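>>> no sequence on this one, just coordinates:
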């Protein structure tokens, strides 16, 4: 029987995929700027952040597609998505104020 209690995964999947695109866009903007330590750190942090969003998207996709109970997959997708959002916010603050 298909797990019908994965409504959250239906929201995480498209939003995680969108956030991967946002990370890639910001990486390309940072790469177009003159290189310094701040842009190097932001570039690497956003690359890790895009991996977090990709893992979150994959887990939510599996939660939707698998027939067995997938509450754990959905929970991990949610946790990783939140970690990605928090880290992206921190990166944005560092980038805006050049705190590093």
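Cool, the structure landed. Quick caveat: nothing in here was measured; it's all calculated off a predicted structure.
>>> what secondary structure does residue 68 sit in?
coil (DSSP: H, G, I helix; E, B strand; the rest coil).
>>> measure it to residue 85 for me?
28 Å (C-beta to C-beta, to the nearest Å). Backbone N, C-alpha and C define where each C-beta goes, glycine included.
>>> Between these two, which is the more surrounded one?
residue 85 (17 against 8; other C-beta atoms under 10 Å).
>>> buried stuff in the helix or strand harbouring the more buried one?
Per DSSP states H and E: residue 85 is located in helix 71-97. Buried residues in helix 71-97, counted by 16 or more other C-beta atoms under 10 Å: 73-74, 76-78, 80-81, 84-85, 87-88, 91, 95.
>>> contacting residues around the residue most central in space within the chain?
Centroid-nearest residue in the chain, with C-alpha atoms, centre = their mean: residue 53, separated by 2.3 Å. Counting by C-beta atoms under 8 Å, 6 or more residues apart in numbering, residue 53 touches 16-17, 19-20, 23, 80-81, 84.
>>> a markdown table for these, including pLDDT and distance to residue 30?
Output for those, formatted as a markdown table (pLDDT from 0 to 100; distance: C-beta to C-beta, whole Å):
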| residue | pLDDT | distance to residue 30 |
| --- | --- | --- |
| 16 | 94 | 21 |
| 17 | 93 | 21 |
| 19 | 94 | 16 |
| 20 | 94 | 16 |
| 23 | 92 | 10 |
| 80 | 96 | 23 |
| 81 | 95 | 23 |
| 84 | 95 | 17 |
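>>> what does the model give residue 3 for pLDDT?
Looking at residue 3, its pLDDT is 46.
>>> Tell me the gap between the helix or strand containing residue 28 and the middle of its chain.
Per DSSP H and E: residue 28 is located in helix 7-32. How far helix 7-32 lies from its chain's middle: 6 Å, per C-alpha atoms, centre = their mean, to the nearest Å.
>>> what about residue 35, which SS state?
coil.
>>> Next up, the contacts around the nearest residue to residue 22 once chain neighbours are set aside.
In space, and not counting its chain neighbours, residue 22 is closest to residue 88: 7.7 Å by C-beta to C-beta, 6 or more residues apart in numbering. Each residue near residue 88 by C-beta under 8 Å, 6+ apart is listed here: 19, 22-23, 46, 49.
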